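A.B. asks: coords please:
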Amino acid sequence: MRVMFPAISVFLAVLILTGCLEGIGSGYNDLTEGITKMVIENSKECYESS
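C.D. replies: Take a look at the predicted model:
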């Protein structure tokens, strides 16, 4: 388990240096946006059916 943390730190450092983190960040925002929309739609359906 402890061996994982340095590896993750190095991996993140490489991502930041290569600028890949920006791409992942925007992808993460799209993902959370999609999940939020899905949750809202499901909530509406539950509310309407009750």
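
A.B. asks: how about the helices of the chain, start to end?
C.D. replies: For the chain, applying DSSP state H gives helices covering 4-18, 20-49.

A.B. asks: kindly reformat those as JSON lines containing mean pLDDT.
C.D. replies: Formatted as JSON lines, these follow (pLDDT from 0 to 100):
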{"stretch": "helix 4-18", "mean pLDDT": "78"}
{"stretch": "helix 20-49", "mean pLDDT": "80"}
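
A.B. asks: turn those into a markdown table, including mean neighbour count.
C.D. replies: Using the backbone N, CA and C atoms, a C-beta is placed for each residue, glycine as well. Listed next are those as a markdown table, based on neighbours: other Cβ atoms under 10 Å:
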| stretch | mean neighbour count |
| --- | --- |
| helix 4-18 | 10 |
| helix 20-49 | 10 |
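
A.B. asks: so Ala13 versus Pro6, what's the distance?
C.D. replies: According to Cβ to Cβ, to the nearest Å, Ala13 and Pro6 sit 10 Å apart.

A.B. asks: now swap in Glu41 and tell me
C.D. replies: When distance is defined by Cβ to Cβ, Glu41 is 42 Å away from Pro6.

A.B. asks: same check, this time on Gly27
C.D. replies: 25 Å.

A.B. asks: can you check Thr36 too?
C.D. replies: 34 Å.

A.B. asks: same question for Lys44.
C.D. replies: Distance, Lys44 to Pro6, using Cβ to Cβ: 46 Å.

A.B. asks: what of Asn42?
C.D. replies: Asn42 sits 40 Å away from Pro6, going by Cβ to Cβ.

A.B. asks: same check on Gly25?
C.D. replies: Between Gly25 and Pro6 the computed distance is 23 Å (Cβ to Cβ).

A.B. asks: same thing with Ile35?
C.D. replies: Applying Cβ to Cβ, the value for Ile35 to Pro6 is 31 Å.

A.B. asks: do Ser49 as well
C.D. replies: In this view, Ser49 and Pro6 are 50 Å apart by Cβ to Cβ.

A.B. asks: gap between Met4 and Phe11?
C.D. replies: As judged by Cβ to Cβ, Met4 and Phe11 stand 10 Å apart.

A.B. asks: same check, this time on Ile35
C.D. replies: Distance, Ile35 to Phe11, by Cβ to Cβ: 24 Å.
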